[in-house]
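> here is a sequence with its predicted model. Questions after.
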Amino acid sequence: MKPVSLLLIFVLAGLLCQCITPINPDTRTLPPSLVVDGLVTDQPGRSRVSLSLTADYTATSLNYVVQGAAVFVTDNTDQRTAFNEISPGFYQPDSSWRGTIGRQYTLHVRLSDGREYQSKPELIRPIASIDSMYVEYSQQLKYGTDTYDKGFDVYLDLQDPATPNDYYRWSWVHYEIPQYCKIVKIPVCGNCLDHLEFGMSCCGSCWDIVRYQNLINITSDQAINGNRISRRSILRTPFNSYSTYYVEIEQQSLTKEAYEYLATLKDQIQNTGGLFDAAPATLVGNMSRVNDPEERVLGYFGASAMTIRPLYVDRRTAPTYPDVIPSPPPLPQPAPCEPCIESAIRTGKKPIWWRY
């Protein structure tokens, strides 16, 4: 290339660089909003309330949990039940307490700074029973790889009552005995950044709790009133072990208001933001601040009857090998154990139908 051409390239490049002006858009900072995820049911141990605050737009963390709040529910017979904080931001009543079908429940929350919030009353409607559940193994080649997505699909059937305006939601809770209660990291040498991982055993009986995440599995009987609901997909269990997979299937009743809220939320989650997608609707829950109804409060407090059925998935029936997840070795003996701390994701209480 000629020297004149090289000189011209450098001059043009310099001009382009000088034309680039960094843009620093103004960032709107909104005050944190309370996020409520609550449910009262007619089954003991299933009622719970989770409280958090939205993070600032520029924050990289998740929502902040709300600790130290006073949480309780009242019903239309003036009965009051306290919800105690069992882990940060997670509140539950006494394990034996249950709601009553036909009663209306209202959630009350008082934060540590004195702000008070209250829900609209929610009615516990009756729920149909589950007729049958069944499991089918399937595997599918993962896109762009030579590996398979292996798992067991769980379905159920039920008979919808002849009464109109029945609304359903399905969820599940999986329990399993953890291999370890804590993973510790030990440096390879005094001044090294490298480390080895070891597992600490639990000091006593313990179960990890895995709940459905971001699952909005709902339907209404508007088009099928009085008919059978068949082959309703509930969950897909992973095939990462030959051990039996224990899960409790929850079938819930919903009020019309709760169903419409969840349907709108589901549409927003599934909205991909394409050119022809509908604009997001304003998602209005049933919580508000006492004496300041204009404050934005997110989430919903619901009340539901619940049918619970345990299911044991025998993963030895699969026609192939599991995708085993490697785990660290146990801490060399003699080693201390780690207590099983009660929380939203771990418990020392044996699940009701556990038989191992």
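Structure's in. What do you need? Numbers count the residues shown, from 1 in each chain.

> the helices in the stretch 201-350 of the chain, which residues?
Applying DSSP state H, counting those that start in this stretch to the stretch 201-350 of the chain gives helices spanning 256-270.

> where does pLDDT dip in the stretch 201-350 of the chain?
Within the stretch 201-350 of the chain, the ranges that satisfy pLDDT under 70 run 214, 272-282.

> number of nearby residues for Tyr300?
Other residues within reach of Tyr300, judged by other Cβ atoms under 10 Å, total 23. (C-beta placed from N, C-alpha, C; glycine too.)

> gap between the most centrally placed residue in the chain and Gly38?
Nearest to the geometric centre of the chain sits Gln213, at 3.2 Å (Cα atoms, centre = their mean). Note on Gln213: its distance to Gly38, by Cβ to Cβ, to the nearest Å, is 17 Å.

> what's the answer for Thr81, then?
For Thr81, the distance to Gly38 - Cβ to Cβ - is 12 Å.

> looking at those two, which has the bigger crowd around it?
Comparing Thr81 with Gly38 by other Cβ under 10 Å, the one with more neighbours is Gly38, at 25 against 17.

> wait, doesn't the more buried one sit right on Ala303?
No. Counting by Cβ atoms under 8 Å, Gly38 stays clear of Ala303, with 9.2 Å between them.

> please, where are all the strands along the stretch 151-300 of the chain?
167-176, 182-187, 195-200, 207-211, 217-220, 228-238, 245-253, 287-289, 297-304 (DSSP state E, counting those that start in this stretch).

> so which elements touch the fifth one?
When contacts are defined as 3 or more Cβ pairs under 8 Å, 6 or more residues apart in numbering; DSSP states H and E, strand 217-220 sits against strand 167-176, strand 228-238, helix 256-270.

> strand partners of it, parallel vs antiparallel please.
strand 167-176 (antiparallel) (DSSP bridges).

> tell me the mean pLDDT over the partner strand?
Per-residue pLDDT over strand 167-176 has a mean of 96.

> and the angle for that strand with strand 245-253?
Going by axes from the mean of the first three to the mean of the last three Cα atoms, to 10 degrees, strand 167-176 is angled at 160 degrees with respect to strand 245-253.

> for strand 167-176, list the C-alpha coordinates in PDB.
C-alpha atoms of strand 167-176 as PDB (Å, rounded to 0.1, in the frame of the first residue of the first chain):
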ATOM      1  CA  TYR A 167     -60.400 -22.400  38.300                       C
ATOM      2  CA  TYR A 168     -57.400 -24.700  38.800                       C
ATOM      3  CA  ARG A 169     -53.700 -24.300  39.500                       C
ATOM      4  CA  TRP A 170     -51.100 -27.100  39.700                       C
ATOM      5  CA  SER A 171     -47.800 -27.000  41.500                       C
ATOM      6  CA  TRP A 172     -45.400 -29.400  43.200                       C
ATOM      7  CA  VAL A 173     -42.800 -29.900  46.000                       C
ATOM      8  CA  HIS A 174     -39.900 -32.300  45.700                       C
ATOM      9  CA  TYR A 175     -38.100 -33.600  48.700                       C
ATOM     10  CA  GLU A 176     -34.800 -35.400  48.700                       C
END
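
> ok, Gln270 - how many residues close by?
So Gln270, with other Cβ under 10 Å, has 9 neighbours.

> likewise for Tyr64?
Count around Tyr64 with other Cβ under 10 Å applied: 17.

> what pairs with it across the strands?
Beta-bridge partners, per DSSP bridges, of Tyr64: Leu53.

> gap between it and Glu260?
Taking Cβ to Cβ, one finds Tyr64 at 29 Å from Glu260.

> with Glu136 instead?
Glu136 is 32 Å from Glu260, by Cβ to Cβ.

> these two: who's more crowded?
Glu260 (14 against 10).

> excluding chain neighbours, what is closest to Gly151?
Arg236 (4.6 Å; Cβ to Cβ, 6 or more residues apart in numbering).

> thought the one you found was touching Lys150?
No. Between Arg236 and Lys150 there is no contact under Cβ under 8 Å: 9.9 Å.

> out of these two, which sits in the more crowded spot?
The residue with more neighbours, out of Arg236 and Lys150, is Lys150; 20 against 13, by other Cβ under 10 Å.

> mind listing what that one touches?
Contact analysis of Lys150 by Cβ atoms under 8 Å, 6 or more residues apart in numbering lists 137, 139, 238-239, 318, 320, 322-323.

> can you turn the buried part of these into a ChimeraX selection?
Applying 16 or more other Cβ atoms under 10 Å to the contacts of Lys150 leaves a buried subset, and the ChimeraX line that selects it is:
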select :137,239,318
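
> closest to Asp94 out of the contacts of Lys150?
Set against Asp94, the nearest of the contacts of Lys150 by Cβ to Cβ is Pro238 (33.6 Å).

> give the contact list for that closest one.
Going by Cβ under 8 Å, 6+ apart, the list of residues near Pro238 reads 150-151, 245, 323.

> those residues: which two are farthest apart?
It's Tyr245 and Asp323 that sit farthest apart of these, by Cβ to Cβ, at 13.8 Å.

> how about Pro121, nearest residue that isn't a chain neighbour?
Going by Cβ to Cβ, 6+ apart, Pro121 has Gln104 as its nearest residue, at 4.0 Å.

> beta partners of the one you found?
Beta-bridge partners of Gln104, as defined by DSSP bridges: Leu123.
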